[in-house]
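J.: Pasting the sequence and the predicted coordinates here, then a few questions.
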Amino acid sequence: VMASSVKKFLSATLFEYETQKVIAISSYKIGLIYRGIQMLIVTYVIGWVMLREKGYQSFETVVSGVTTKLKGLEYTNFTEIPSIGDRIWDVADWAVPPQMNSAFFVTTNVVITKNQSQTTCEEDKDNKWHAKCSSDSDCIKGHVHGLGWGVRTGRCLNSTREEGLRICEIYGWCPTEQDVLPLGEGKILMTRVQNFTVLIKNSVEFPKFGVKRRNILSNMGKNYLRGCNYRPDHEMDKYCPIFRLGDIIKYGQAISPETAKQVWITGGMVAIDIHWECNFDYDEEECKPDYKFRNLEDGHVGRGWNFRHAYHYVEDGVHRRTLVKAYGIQFFISVTGRGGKFDVLNFTMNLGSGLALLTLATVLCDIIVLNIMRKRKKYRQAKIDK
Amino acid sequence: VMASSVKKFLSATLFEYETQKVIAISSYKIGLIYRGIQMLIVTYVIGWVMLREKGYQSFETVVSGVTTKLKGLEYTNFTEIPSIGDRIWDVADWAVPPQMNSAFFVTTNVVITKNQSQTTCEEDKDNKWHAKCSSDSDCIKGHVHGLGWGVRTGRCLNSTREEGLRICEIYGWCPTEQDVLPLGEGKILMTRVQNFTVLIKNSVEFPKFGVKRRNILSNMGKNYLRGCNYRPDHEMDKYCPIFRLGDIIKYGQAISPETAKQVWITGGMVAIDIHWECNFDYDEEECKPDYKFRNLEDGHVGRGWNFRHAYHYVEDGVHRRTLVKAYGIQFFISVTGRGGKFDVLNFTMNLGSGLALLTLATVLCDIIVLNIMRKRKKYRQAKIDK
Amino acid sequence: VMASSVKKFLSATLFEYETQKVIAISSYKIGLIYRGIQMLIVTYVIGWVMLREKGYQSFETVVSGVTTKLKGLEYTNFTEIPSIGDRIWDVADWAVPPQMNSAFFVTTNVVITKNQSQTTCEEDKDNKWHAKCSSDSDCIKGHVHGLGWGVRTGRCLNSTREEGLRICEIYGWCPTEQDVLPLGEGKILMTRVQNFTVLIKNSVEFPKFGVKRRNILSNMGKNYLRGCNYRPDHEMDKYCPIFRLGDIIKYGQAISPETAKQVWITGGMVAIDIHWECNFDYDEEECKPDYKFRNLEDGHVGRGWNFRHAYHYVEDGVHRRTLVKAYGIQFFISVTGRGGKFDVLNFTMNLGSGLALLTLATVLCDIIVLNIMRKRKKYRQAKIDK
């Protein structure tokens, strides 16, 4: 008795297969709609999920490192402008700081204030809105204005920079900076910057797949790397890792040619994106970078980019510095990408979801058949038992 | 005959529509449960997937660039402390290095060692645990200790810094640094740093949608940008890109006020996140940044942040340097965000999955009806044919 | 009448529950297949989705900040090489720039050109392919070659560096650099760099969960942090945030030991990844970092990493500089990670999708039963009504 009841239980649960009872309706119209929807779903699953989105692969993002090597030489021959003079600018002069993580800066214009030391002098006339005075009593001794250049000494001076202006004396880095572009507004100082080049070295790794790649491809020899320049439409040169700065700005699609020109004068921001889209079911050697450039500058108010840095020295026991307000272009390098490889689990999961989607065809047809078709009453009776 | 068999095959496959046979059970209880679950699913799909998660849109993350422009002036008037003295600190003095990618550093406290050159002197007394000696034989000539300041000359000296201490002589940058905060423990040197400001320029681009945005909004004039300060609760000023450093620390929700104060003395780390959440189905002009601040400092051991840098110079043919141990706050800027726009494919896919979810209502009700309800036997008979 | 028709409508829509009619087929074979597939799906949902992928949690990525503190001392005693000489290199000498965002650079080899000033001298002989000349007419006055060191003066000189070579005179930073490693090819200048250490401070925050963590764990005392070194297999030391540079290279799995050695001579790139995988359903204290290292250098052409920087000074009124071509290792630090916590919505959604997947079992069995089994005709008749 015991055995038979166990057997009965097993056959009632374990060995029983439940499947939905189905009604087959023969109808040209509905049949066509039904098969059409099924076909659409199959096309979507195969075409989009499997082929386009590579649903059969598992993916991994890149681990990456970027370094840059800048090259270029500028010569400014303006003996009539003492702060600039007759001088050569090499990479150690115009790349400030000498290196940054995933970025580099190129000076295109400078305001140089030489020979500053901590002493007293008149405040810069650009600060006259807070430092203008008519008598010593307007200059409170010891007052430090956050936007000024020093602490007030309590004396009111006749400005040597603007006739008729009386301005407070300060103690600070003197003489104060005169914030005027050396060649005047809208004039670029360093005209050769467009021909400067940058060699971008980018090493990436796909840890899960154990693959290392570099943007210097294995078929590039020493001689090729000495002479090549990135050109997006050229078969070989579109992988050349050496970029003319002028080309980067050109390919960066500025909003207007005028904005593109402005960038060389008052500075700007440019993004360089290195994208790796790799399929390791094919040859690893086909895993190559793709370069994209974007001028991020477009604005009217507060456009441009500059910052101040200084060269310090001691002369006759006095600590002095040369203050440089450097206008220039800030290049940001970002590395994105993913590698894919066939993966059983991902393949079955996406296939499974695809099959599950097929039940949608029935749901959609039911809505049509039971609500819209003329014979809907008949279908309803056939489909639904009460 | 041939034609009829083809026709038969077609009508049996192509023109046949299969739909599940359904039993309609009239019951207040089950009907309410069933419709209730369906309603929940519909609410979820419309409310959560569609409206909250914007399932009808396709998304893209931002490409971005950030530059910072620091402003502020500090005056230290400590003539009794020769290493600091009576001097002005401007941005070129306290921002070291002058720029970094997506970060900036502000000095708040310094230990300055002036006039170092490569010669011989006594080791710093802080290194006495490895450089203490009683006779010359304790100082092995040529030994370089990784945490010391130089190579041992083999001589044992009477320390001039701590009475009764005998310490090894070294050859290196001399005199060695004395690592004591100039105003003593717990005292901040640069008290005006809280009022320093930073102008953060952030340009973002959504390449797929062809939209460029800046955190300097188009309705901000030159005058507004000269005077405004970020205030999170103000309608206009919550978009002002100029931040008081003191405000950043305040909004950064330190774990305790004491930690917040500590940050100004021994330094710390602060993260600034600029978040762009943009819906391009509406007006582009509504795509505006959102600022978040976080004090990352909270610890007890190894808290604070400092590093050493040097100013080099040559005097009388001797290479000398001024060594600066700079305590300060490191600000990290990250830009996150996504833009969304209506997309047919995403909309249909999410709608489809939503409809497929509706079959869940039946599955759940079956579990209740066939197993829990009192009349389960009857339902089972109606539902299941053997 | 009205009331009864409303009641009828309600009972026909609101209080009616539709469920699929099901056929139960008792068969050992099909039953086993059916239950087997169901079991697989349940295992997948529980084992993979719920336990491995933590489908019951909601996740958040980290907000993070990283600073580095370098320690180490190098002594080079080469009095026969004037550019190097007998000198000590401390952190302010070999870490250039003094800090970077999420990166640091360690000098391992240098080419130093002392005492440069802007004057005239012969072009570097490495540039002879463009600066070689036989008479003054080969050196066009005013010509600036982008890869040279200065502007041509129009004179052709006998080289003092290579016998028999005639080369153009230039105006620029003179004397020009002679690009030869001080100890010769394949020789490392700074042999102690392997023992240098870096303390990496990493603070992370999970804003949604309100949790702050640091890589300096709360059970680490001041004394432990003074002495410990990261060791991946040690129970405690695998969380020590102090790393020997030699260890980082060693754990970074270079492609060959030769490449690993090359990194110390001509420089390279190394990625340090700090990964936080945190489960906040358990104790927060268990949320600890995991360190991964990767040598990104592997190439043959264009390997290594170097850049030029300069120390400026003024002597007798002349602006001079010391140019340094620094070879070294660039370390990139990236912080990744996510924290998870139980979330009702995510749990129900994943459970729901799991239940929906169960319908797959029926779909798959139907394919087998209706098409492959011997009794398929019989099953087809039972399942399908016409």
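T.: Looks like it came in fine. Quantities reported herein were computed from a predicted structural model and do not represent experimental measurements.

J.: part of a helix, is A:P98?
T.: No - looking at A:P98 with DSSP: H, G, I helix; E, B strand; the rest coil, it is coil, so not inside a helix.

J.: how near is it to A:I272?
T.: 19 Å (CB to CB, to the nearest Å). (Glycine included, C-beta is placed from N, CA and C.)

J.: Those two: which has the busier surroundings?
T.: Set A:P98 next to A:I272 and count neighbours by other CB atoms under 10 Å in any protein chain shown: A:I272 wins out with 24 against 20.

J.: How about the contacts made by that one?
T.: A:200, A:243, A:248, A:291-293, A:331-334 (CB atoms under 8 Å, 6 or more residues apart in numbering or on different chains).

J.: tally of neighbours for A:E258?
T.: With other CB under 10 Å as criterion, A:E258 counts 8.

J.: any idea how far it lies from A:G302?
T.: 17 Å.

J.: I figured A:G328 hits A:N109, correct?
T.: Yes - assessed by CB atoms under 8 Å, A:G328 is found in contact with A:N109 at 7.2 Å.

J.: re earlier: for the contacts of A:I272, pick the one with the most neighbours.
T.: Busiest of the contacts of A:I272 [other CB under 10 Å] is A:F331, holding 27 neighbours.

J.: okay, and the common contacts of A:G328 and A:N109?
T.: What both A:G328 and A:N109 touch, as defined by CB under 8 Å, 6+ apart, is the set A:G267.

J.: between the two, which one's more packed in?
T.: Taking other CB under 10 Å, A:G328 and A:N109 do not tie; A:G328 has more neighbours (26 against 22).

J.: And the host helix or strand of the more buried one, what's buried?
T.: Assigned by DSSP states H and E, A:G328 belongs to strand A:318-342. With burial defined by 16 or more other CB atoms under 10 Å in any protein chain shown, the residues of strand A:318-342 counted as buried are A:319-341.

J.: so does the following helix or strand past it get close to chain C?
T.: For strand A:318-342, the succeeding helix or strand toward the C-terminus, using DSSP H and E, is helix A:344-371. Yes - for helix A:344-371 and chain C, the contact criterion (CB under 8 Å from any CB of the partner chain) is met by A:345, A:352, A:355-356, A:358-359.

J.: Pull out the buried positions in helix A:344-371.
T.: Those would be A:346, A:349-357, A:359-366, A:368-370, for helix A:344-371 by 16+ other CB under 10 Å.

J.: of the residues you listed, list those near chain B.
T.: A:356-357, A:359-360, A:362-366, A:369.

J.: A:D343: neighbour count?
T.: By other CB under 10 Å, neighbour count at A:D343 equals 14.

J.: Identify the residues contacting A:G252.
T.: A:260, A:270, A:293-295.

J.: Reformat those as TSV; add distance to chain B.
T.: Converted to TSV, those look like this (distance: CB to the nearest CB, whole Å):
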residue	distance to chain B
A:A260	14
A:V270	8
A:F293	10
A:R294	6
A:N295	9
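
J.: and these, which of them are in helices?
T.: Applying DSSP state H to those, the entries found in helices are A:A260.

J.: who touches the residue of the stretch 151-300 of chain A found nearest chain C in this structure?
T.: Across the stretch 151-300 of chain A, no residue is closer to chain C than A:S203, which sits at 3.5 Å (CB to the nearest CB). Listed by CB under 8 Å, 6+ apart, the contact set of A:S203 reads A:64-65, A:212-215, C:269, C:296-299.

J.: what's the distance between the nearest residue to it once chain neighbours are set aside and chain B?
T.: Leaving aside its sequence neighbours, A:S203 sits nearest to C:L296 (CB to CB, 6 or more residues apart in numbering or on different chains; 3.5 Å). For C:L296, the distance to chain B equals 18 Å [CB to the nearest CB, to the nearest Å].

J.: C:L296 against A:T67, yeah?
T.: No - using CB under 8 Å, C:L296 is not in contact with A:T67; the gap is 9.5 Å.
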